[in-house]
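Asks: 3D model of this:
(chains A and B)
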Amino acid sequence: MKSRKILIAVLLIFLVSACLSVFILRHSDQQTVEIVQNGTVLYTFDLNDTQDQIIRISAPDGGYNLVQIQNGTVCIAEADCPDQTCVKMGTLQSDYLPIVCLPHKLIVRFAEDAS
Amino acid sequence: MNIRRLTELALLSSVALIIFVIELRIPNPFPIPGVKLGLANIVTVYAVFRYRPSETAMIVTVRLLLGAMFSGNPSALLYSAAGAIACLCGMLLLRRSLPEKQIWLCSVIGAMFHNIGQITAAVILMQSCGVIAYLPILLVTGSLAGAFTGLCTQLLLYRIKR
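Replies: Model prediction:
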């Protein structure tokens, strides 16, 4: 009896988070991107009128990330952390799902459009 | 603790570590931080049902510390430790109220607690609430992975009878 209640609770959490995931993974139409490290905003730029470039961001522990802006998209081109998850995440697409580099405490995310 | 017990715990820890290291070699199809199959948790779930809570905690601690060393990624230790602590608490609370046939459910709940612990650590360390957006995705993938490892453990528990 008790295990049935637990099963129902687990199923509910699963379904709710599945719906939320679909919502979170939608593509964004925002254009302003900010780069945040340790809770402070380092850079803010508009993807439409920023030249293609590579920004190097050093982490406090001596590591680095290369943030690449190309054809109106932004991605992390290179990092010297062992897991490389931020590089594999590819370009920034969703409003809610930032690119994060956990070892270097770096976040690349969309911000509200300044209009 | 007698020597037999100690040897069993050491054996389980090394089995968990071997599974952990082999899993590192499997390319991850989901490029999302924190998404993992977590095969080493087969051993954790097995220990939760066969050993005392303190002994299970010992196995997990050894796995975490040596795993962080072997993977060459010590900065991931904080996230995985927060996850593992939350996961253990959840599973130890539940193990009494679940029948033998529903061990996989315990593992699913453990996986969910693990993800919540990870995200809590990430929110505190990154000083940003934005990472909470990962939680639903982690919960979905985590509970699938948890169901898989849980089923593996259930088979193991049937086979390895005392």
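Asks: quick one, what contacts the residue lying closest to residue A:101 once chain neighbours are set aside?
Replies: Counting by C-beta to C-beta, 6 or more residues apart in numbering or on different chains, residue A:101 lies nearest to residue A:86, which is 4.0 Å off, once chain neighbours are set aside. The C-beta positions use only the backbone N, C-alpha and C, and glycine is treated the same way. Residues near residue A:86 by C-beta atoms under 8 Å, 6 or more residues apart in numbering or on different chains: A:65, A:76, A:79, A:99, A:100, A:101, A:106, B:33.
Asks: and residue A:86, what helix or strand is that in?
Replies: According to DSSP states H and E, residue A:86 maps onto helix A:85-88.
Asks: Let's verify the nearest residue to residue B:102 once chain neighbours are set aside: helix, strand, or coil?
Replies: Spatially, and ignoring its direct neighbours in sequence, residue B:102 is nearest to residue A:3 (4.9 Å; C-beta to C-beta, 6+ apart). Here residue A:3 is helix, with the state taken from DSSP: H, G, I helix; E, B strand; the rest coil.
Asks: Go ahead and confirm residue A:3 touches residue B:95.
Replies: No: counting by C-beta atoms under 8 Å, residue A:3 stays clear of residue B:95, with 11.6 Å between them.
Asks: And the helices in the chain?
Replies: Went with chain A since none was named. Secondary structure of chain A (DSSP state H): helices at A:2-24, A:85-88.
Asks: You answered for a different chain; I wanted chain B.
Replies: Using DSSP H, the helices of chain B run over B:3-25, B:41-50, B:53-70, B:77-94, B:103-126, B:134-159.
Asks: Now the third one: buried residues?
Replies: What it means is helix B:53-70. Using 16 or more other C-beta atoms under 10 Å in any protein chain shown as the test for burial, helix B:53-70 gives B:55, B:56, B:57, B:58, B:59, B:60, B:62, B:63, B:64, B:66, B:67, B:68.
Asks: Now do the residue nearest in space to the middle of chain B against residue A:7, distance only.
Replies: Closest to where the C-alpha atoms of chain B average out (C-alpha atoms, centre = their mean) is residue B:41, at 4.0 Å. As judged by C-beta to C-beta, to the nearest Å, residue B:41 and residue A:7 stand 20 Å apart.
Asks: Likewise for residue B:66?
Replies: For residue B:66 relative to residue A:7 (C-beta to C-beta), the value is 35 Å.
Asks: Just the residues contacting stretch B:72-80, thanks.
Replies: So stretch B:72-80 is contacted by A:61, A:81-83, A:102-103, B:34, B:64-65, B:67-68, B:118, B:121-122, B:125 (C-beta under 8 Å, 6+ apart).
Asks: ok, 6 Å please
Replies: Outside stretch B:72-80, the residues that touch it by C-beta atoms under 6 Å, 6 or more residues apart in numbering or on different chains are A:82, A:83, A:103, B:68, B:118, B:121.
Asks: Endpoints of it, how far apart?
Replies: Using C-alpha to C-alpha, to the nearest Å, the end-to-end distance of stretch B:72-80 comes to 14 Å.
Asks: do the same with stretch A:55-73
Replies: The first and last residues of stretch A:55-73 sit 13 Å apart, counting by C-alpha to C-alpha.
Asks: List the buried residues of it.
Replies: Within stretch A:55-73, the residues that count as buried by 16+ other C-beta under 10 Å are A:55, A:57, A:59, A:63, A:65, A:67, A:68, A:69.
Asks: Contact partners for the second one?
Replies: For residue A:57, the contacting residues are residue A:65, by C-beta under 6 Å, 6+ apart.
Asks: Tell me the bridge partners for it.
Replies: When bridges are called by DSSP bridges, residue A:57 pairs up with residue A:65.
Asks: mind checking how far it is from residue A:4?
Replies: 50 Å.
Asks: What residues of the worst-scoring helix or strand of chain A on mean pLDDT count as buried?
Replies: Least confident element among the helices and strands of chain A, by mean pLDDT, DSSP states H and E: helix A:85-88 (a mean of 82). Under the neighbour-count criterion of 16+ other C-beta under 10 Å, helix A:85-88 has A:85, A:86, A:87 buried.
Asks: so who does the first one touch?
Replies: By C-beta under 6 Å, 6+ apart, the residues touching residue A:85 are residue B:33.
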